[in-house]
Structure formats: C-alpha cells, structure tokens
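In: Please find the sequence and the predicted model below.
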Number of protein chains: 2
Amino acid sequence: MPAAFSFRLLATDGAARRGEIATPHGLVRTPAFMPVGTQATVKGLTPEEVRRTGAEILLGNTYHLMLRPGAERIAALGGLHTFMGWPGPILTDSGGFQVMSLSERRKIDGNGVTFRSHVDGAMVELSPERAIEIQTLLGADIVMQLDECIKLPNARPELERAMRLSLAWAERCKRAFESTSKGRALFGIVQGGDDGGLRGQSARALTDLGFDGYAIGGLAVGEPQAVMLEVVADTAPQLPADRPRYLMGVGTPDDLLGAVARGIDMFDCVLPTRNGRHGTAFTRFGPINLKNARHADDPRPLDEQSAHEAARRYSRAYLHHLVRANEMLGAILLSAINLAYYQELMADMRNAIERGGFADFGAQVREGYKRGDLAPV
Amino acid sequence: MPAAFSFRLLATDGAARRGEIATPHGLVRTPAFMPVGTQATVKGLTPEEVRRTGAEILLGNTYHLMLRPGAERIAALGGLHTFMGWPGPILTDSGGFQVMSLSERRKIDGNGVTFRSHVDGAMVELSPERAIEIQTLLGADIVMQLDECIKLPNARPELERAMRLSLAWAERCKRAFESTSKGRALFGIVQGGDDGGLRGQSARALTDLGFDGYAIGGLAVGEPQAVMLEVVADTAPQLPADRPRYLMGVGTPDDLLGAVARGIDMFDCVLPTRNGRHGTAFTRFGPINLKNARHADDPRPLDEQSAHEAARRYSRAYLHHLVRANEMLGAILLSAINLAYYQELMADMRNAIERGGFADFGAQVREGYKRGDLAPV
C-alpha cells in the first residue's frame, strides 16, 4: 500500500529547513531540486541517468502533455510514471505558466483559459477543474492548482487581478481535487508579483483554504534576484511551517542558496539542462562555458571531486570538442553533469542544515564560485 | 604487452566466414559491425551505451578529426581511445571518402588531395603519407590507406583512373606505415567501381603489395543492391583467405546478410544511428517508422525478445511520442536499439556460421522482415 502524501520537518537552521516528503511513489529529501521533464522526458537523459544524478522527484508539464500526446492517452498507457519509465515521485505543474508564455491567441476569463495549441493550432480550454482532471489522469504525486502567472514588472491593479483570479481558481481546484485525491497532494500557488501586500493576502487566503503544500509562483519572470529573494523572505514565513514550500521555476545555484536560506524546500528549473545543451557546465568553480577556446587542450576533467562519473572522466578538451562540433553527446553529458551538480548542492545544503552550518556553507560555496576554475584548487 | 594485430579464421559455411581479429586494444569477433564514431563520438551515445549494444570495435573518421579538433591535438591528449573514452579497438578510415563527399573546392593529383575544410574554410592537404601520419597520431588499431572513392554509375576510364590512383596511394601508404606500425594493421582498399575486370586487377595488385586486411571500397555509392552484391561475390574470393575483408559503408541488415554470405568479415555504416535519429527502428520485424500514427496508443515494446533493455522496456507509444515531439531521447533510444539490433544480427550470423546453418538463418531472418510487425508473433 503506497504511502499517502506527508511532510516532516526534520531540522531548521535559521530560516533554512531540512525535511522529508512522502508520496505514493517514494520519499523526497528536502530541500529538493526537481529536474524538468517537460514532454515526459528530461531532455537528453534516460530515467536511469536522471536517477544517477541524484534526483528523487521530477516535474512534468501539464500544458505540453495535454497537447501531446494527451492526458487521456497517457492514462490509458498506465499513467506518466509508466509512460516515461520513471518510478519515483512526479510533480506536475498546472499549465498556467506555459499557457501565458507559449500559446497563441489566449483568452482568459473567470472560467479559465482558452488558447491555440502551439503543436497543431487547435483551440483548447483549460479550466481549474480540467487542470486537476489532467494531472489526475497523468497520475501526478503532487498536483498544482491552475494559476495566472504574469511578467514583472507589472502595475499593481494587474498584479492584484491575477492574484485574485488565481485565488478563485485555487478554491475551485481544491474542490475538484477532493474527489480524486488517492493519497496525492494539491499545492496552492501564492501570487501577487513584487507587491508584499498582495503576496501576504494571497498567502493568508490560501492558508485559510488549506493545501498540502504551498508554492510561490510568478517569480523569476524578469525581476532582479534581490527582488525575488525579498519576496521569498517576506512570503515564506507567512506559510504554514508544517507544509512544504516550493519556489517555482528558480533558478541558478546562487538563487537556490538564497531561497533555501529564506525557508524554501522545493525547486524546479530548466537551467541545468538548457544551459548544458548550450555548452555551459555548472560546477563548484561557478559556471564554465565549454565553447571557450581555452578548454581546447585542457586534459583535466570538469571536477575530479564530483560524485558524477561524467564530471570526473571526460576531459574539458573532449567536452569542448563535442560542444564545438555540435554533437548530441556534449548536450547529454553537460545536462547530466549539471543536474548532478545541482543535486550535490542540494545534498550538501541538507547536510549543512542538519549540522547547523548553513550560513558558513553558503559563504564557502559562493567563495568557490568567485574563485572560478582558473585559480589553483 | 598488448597483442599485435592478427586474424584467425575459425569456421566457414559456404563463403561465409567466422573469425577473430586481435588488436592492441582487444579482440573482435567477425563477422563484425562497427558503429560509426565520426567526430570522436557515436552520435547520441556514451561509450558505455555503445558497449552495451554489443559493439567490440568502432570506426573513427580521419577527415572529420583532422579538421576538428586536429590529429596532433588528439595525440597530445593521449590518442583517440583516451580522448573519447573508448578502450576497445578502433579502425579509422583514411578520409578519402569524406574528402570527395563533404569538402569544397577539392583538387586531386598524384600527390594527394587539397580541399577546403567544411569547418573553417581553411585549405588542407591530404597525401597518402599524411593520412598514415594522422591515423598514427589518432592511435588507430586498424589504419586504412588513402583512396579515391567515386560515385556509381561512372565511365570505365574514370573508374580505372581512380582505381590506379588508389593503387599508387596504397603503395605509398604501405611504405609510410611500415615505420610506424607498433602492432597496428594497415588495410588496402579495392576500387574499380562495378567493373569486374578493374576490381580483379585492383585485388591482385593489392594482394601482391601485401596488407593486413583488405577492404572493398567504392560501393553503396548509388548502385542497386544486386550490383553491390555481385561485385562483392566476384571480389571477395580474389582476396587472401587468411586476412579480414571489410566492406566499407554497408549497409542495411539485408545487405549485411548478403555480404556475409559472400565472404565479408567487417562492416561499418551510419544507417542504424542516422535512421534512428530520424525515427526508424531496425527490428526482427523489419524497419519500423515510429513517426507513424499507428504507434500512438501501442503499449507494446519494440521487441520483447531483444537483448537490449531499451527495446524491451519503452512502449512504442512512448517512442512515437518522443519522435513526434522531436525529443533527443527518441534519437538516443532508437540509435541504441538499432545498434543493438545490428550487433544481435551479427552475433546470430556468427552462431549460424559456426553450426553450418547460415543459409537457413538468412532465410529465416528475411522471413521475419517480410512478415513485418503487424502479424501476430
């Protein structure tokens, strides 16, 4: 009998939290980073390779999967876990963010959104109830409410409108979810842009409704890092301490350090795979652009202390060659190396919180980024 | 102390041969199929994944590697085996074929070829001596002579000119190779197009010079399969029985069956990886185009009897989705599945030759291709 969703807070260090999420498909240690499996695959990696990076939970995209291959089809094929061969926990976003950023001719009203599919041009409707239905068909362990995510900066009336609409949808999602739950979790999403007052109203109203976890959405959408971290610092303490907190779509390694320090438990971001495909490695020495000619004759691996084999084994010269020659293997190896670095960073953060040394750990990691990869180690 | 190159013929069945090649980097059972690692990578696969398909030897491309990253650079980084992380045997082609098909503004004369690089536009010279030097720098276990490879159909005087030039280069390659060998092998290349007389002259002259192995080049360049197999059937018996015979750039699974039946021991071809990247799987049931909509809801794996995990594990519906969504993982899985099918076919051919049942085996395999994947198994 698979476990129902639950969250245990195991330790704190300042605002930083060390916890554990149980789901019907297994445990997730927090703070956790979720690789993005947009179209039922983490780009370029088999499920085993994703697992070898240390990932315990993946993110799937409702928007992409509803359009292709279709939620009903995935359900008929046994659900998303079976379809993509990932036996561990899966969180699915609601599609709100992608409807805003990817679809054409979208129309939004109280009932939901209507948009033209970027895949085949068909008109598609997504309501709060349909967003829950799709995520239930996919078999997600953690389901996200439908929300409206808007760019920053934005005028206060527009931020308020989107926040109130997201709240109304939160309530409808909760009602729709209750009949389908089966041990799964539903997360509400705090909106309100960079306005502390709106964020506070959103957090309170969602908490009153009651969710299994709380996300902070509508960040990493154009604002400076300082603004993002300030919103996180203001919002996180207003969320229930006994529920996980998920900062959506964030971010760089430095963003993760800053957000964990302010009480965030979960993250997802395309950066490690997208930047990997474009030739950048994330390492203890900061990001390294392997396109750069200085790597052409360098026999050293990216990081001989890495827990991931690919970071220890292949020379920078070889990775440089693969990137320059536009070979798939360059994208594959750098995606894996980057995800492994992110997971190693999360594991190190968890250890630092447990031993009460998170601030020192963060300073030490940032020191490494500043030093770069040219100084002697 | 690594073994020097040698070839043992272990069994024959009609003209089909079962043998074993020893190289400084290990053994190769023949008939053997060599995956193509053009730019120091088999496209989309790590060396371990290539190994898991059953491959024992890879092909590397002199032309591509001399232009990028450069043979001297690879030598300084420890040679091609170290550079790409493949510890097994490597055969390198001489660059003749790619000079003809890929470079711009090429000029060919008795001394060699001068051409404009497709990478950076630089003018580059490739002589027989330089072709040997490059392959020595790469550290190839099996080195190919420089030859001139021309398209079919072609006029006899042109076929004869290219054949005689290739012969002259064979002699110069042999002289250049003798000072550098270190247990490596040098193969001569029979040319002469579809002209049996020219092929015979080429084979005799090369045999008189004496090589460690003999390739048949200049096929699979536009001629029908029947012409290709006829040239093979005529040429193979004119080559020394105690040396391996390599049919360059061939081919489909059916081509391999036909050529092994006519005495060929080694093959290379981009088909399994290139067609895999384009959505086609090679299977016991013939080629299957996974783009086809009929696979969209099919929960069956490609071949539950395959020795390769990916062919047994992922549903056709999932592979169809990955191909349609243009996801890298589709190309990766189908490349691996196809290489594994090729290797399984070679292993089955080796077993069939050993037990004297090659003709029956070939008929049975072709029966499977004809039946297709729609009939009940």
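Out: Sure thing, it's come through. Residues are numbered from 1 along each chain as shown, chains lettered A, B, ... in the order given.
In: I'd guess residue A:50 is in a strand, am I close?
Out: No. With DSSP: H, G, I helix; E, B strand; the rest coil as the criterion, residue A:50 is located in helix rather than a strand.
In: residues near it, how many?
Out: Close neighbours of residue A:50, defined as other Cβ atoms under 10 Å in any protein chain shown, add up to 26. Placement of C-beta: from N, CA and C, glycine included.
In: Run a quick check on it versus residue A:86, I expect a contact.
Out: Yes. Because the distance of 7.2 Å satisfies Cβ atoms under 8 Å, residue A:50 is recorded as touching residue A:86.
In: which regions of the stretch 1-150 of chain A sit below the pLDDT cut-off?
Out: Where the stretch 1-150 of chain A drops to pLDDT under 70, the residues are A:1-2.
In: Near chain B, which residues of it are found?
Out: Residues of the stretch 1-150 of chain A found near chain B (Cβ under 8 Å from any Cβ of the partner chain) are A:39-41, A:43-46, A:64, A:68-69, A:73, A:76-78, A:83-85.
In: Could you turn the buried ones of these into a ChimeraX selection?
Out: Per 16 or more other Cβ atoms under 10 Å in any protein chain shown, the buried members of the residues of the stretch 1-150 of chain A next to chain B correspond to this ChimeraX selection:
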select /A:39,40,41,43,44,45,46,64,68,69,73,77,83,84,85
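In: picking up where we left off before, give me the common contacts of residue A:50 and residue A:86.
Out: Common neighbours of residue A:50 and residue A:86, using Cβ atoms under 8 Å, 6 or more residues apart in numbering or on different chains, are A:37, A:58.
In: Show the contacting residues for the most far-flung residue of chain A relative to its centre.
Out: Centroid-distance maximum for chain A: residue A:297 at 35.7 Å, with Cα atoms, centre = their mean. With contact set as Cβ under 8 Å, 6+ apart, residue A:297 has these partners: A:317, B:73, B:76-77.
In: hmm, 10 Å instead?
Out: By Cβ atoms under 10 Å, 6 or more residues apart in numbering or on different chains, the residues touching residue A:297 are A:315-317, A:320, B:69-70, B:73, B:76-77.
In: So, low pLDDT: which residues of the stretch 151-300 of chain A?
Out: Applying pLDDT under 70 to the stretch 151-300 of chain A flags the ranges A:181.
In: Take stretch A:83-94 and give me the span from its first residue to its final residue.
Out: 19 Å (Cα to Cα, to the nearest Å).
In: Give me the buried stretch members for it, please.
Out: Within stretch A:83-94, the residues that count as buried by 16+ other Cβ under 10 Å are A:83-86, A:88-94.
In: now stretch A:301-308
Out: A:301-303, A:306, A:308.
In: of these, closest to chain B?
Out: Minimum distance to chain B across the buried residues of stretch A:301-308 is 11.0 Å, recorded for residue A:301 (Cβ to the nearest Cβ).
In: So what's the residue count around residue A:23?
Out: Residue A:23 sits with 25 neighbouring residues when counted by other Cβ under 10 Å.
In: For it, give me its contacts.
Out: Counting by Cβ under 10 Å, 6+ apart, residue A:23 makes contact with A:2-7, A:56-57, A:88-91, A:140-142, A:183-185.
In: I figured residue A:342 was touching residue A:275, is that so?
Out: No. Judged on Cβ atoms under 10 Å, residue A:342 makes no contact with residue A:275 at a distance of 11.0 Å.
In: Can you check which residues contact both of those two?
Out: Residues touching both residue A:342 and residue A:275 (Cβ under 10 Å, 6+ apart): A:252, A:269, A:282.
In: so the last one, which of the three states?
Out: It refers to residue A:282. strand.
In: Tell me the bridge partners for it.
Out: Note on residue A:282: beta-bridge partners by DSSP bridges are residue A:287.
In: That one and chain B: what is the separation?
Out: Applying Cβ to the nearest Cβ, to the nearest Å, the value for residue A:282 to chain B is 19 Å.
In: Tell me how many other residues crowd that residue.
Out: By other Cβ under 10 Å, the residues close to residue A:282 number 25.
In: quick one: terminal-to-terminal distance for stretch A:256-274?
Out: This stretch, stretch A:256-274, spans 17 Å end to end (Cα to Cα).
In: Could I get the buried residue list for that stretch?
Out: By neighbour count on 16+ other Cβ under 10 Å, the buried set for stretch A:256-274 is A:256-273.
In: Tell me which residue lies nearest the centroid of chain A.
Out: For chain A, residue A:268 is the residue whose C-alpha lies nearest the centre (Cα atoms, centre = their mean; 1.1 Å).
In: Which neighbouring residues are in contact with that residue, exactly?
Out: A:32-37, A:57-59, A:91, A:93, A:215, A:246-251.
In: re earlier: tell me the one of the buried residues of stretch A:301-308 nearest residue A:114?
Out: Using Cβ to Cβ, residue A:308 comes nearest to residue A:114 of the buried residues of stretch A:301-308, at 43.8 Å.
In: how about the nearest residue to the closest one, chain neighbours excluded?
Out: Leaving aside its sequence neighbours, residue A:308 sits nearest to residue A:340 (Cβ to Cβ, 6 or more residues apart in numbering or on different chains; 3.4 Å).
In: what about the one you found, neighbour count?
Out: Neighbour count for residue A:340, taken as other Cβ under 10 Å: 25.
In: next one: residue A:11
Out: Residues near residue A:11, counting by other Cβ under 10 Å, number 14.
In: Am I right that it is in a strand?
Out: Yes. Secondary structure of residue A:11 (three-state DSSP): part of a strand.
In: quick one: it from residue A:355, how far?
Out: 9 Å (Cβ to Cβ, to the nearest Å).
In: what do these two both touch?
Out: When contacts are counted by Cβ under 10 Å, 6+ apart, residue A:11 and residue A:355 are jointly contacted by residue A:18.
In: Flag every residue of the stretch 251-377 of chain A that's near chain B.
Out: When proximity is defined as Cβ under 10 Å from any Cβ of the partner chain, the stretch 251-377 of chain A approaches chain B at A:277, A:296-299, A:309-310, A:313-315, A:317-318, A:320-322, A:324-333, A:335-336.
In: hmm, who's touching stretch A:116-126?
Out: Here stretch A:116-126 has contacts from A:62-64, A:66-68, A:94-96, A:98-99, A:102-108, A:111-115, A:130, A:134, A:146, B:324-325, using Cβ under 10 Å, 6+ apart.
In: Would you work out how far apart the start and end of that stretch are?
Out: Termini of stretch A:116-126 sit 11 Å apart (Cα to Cα).
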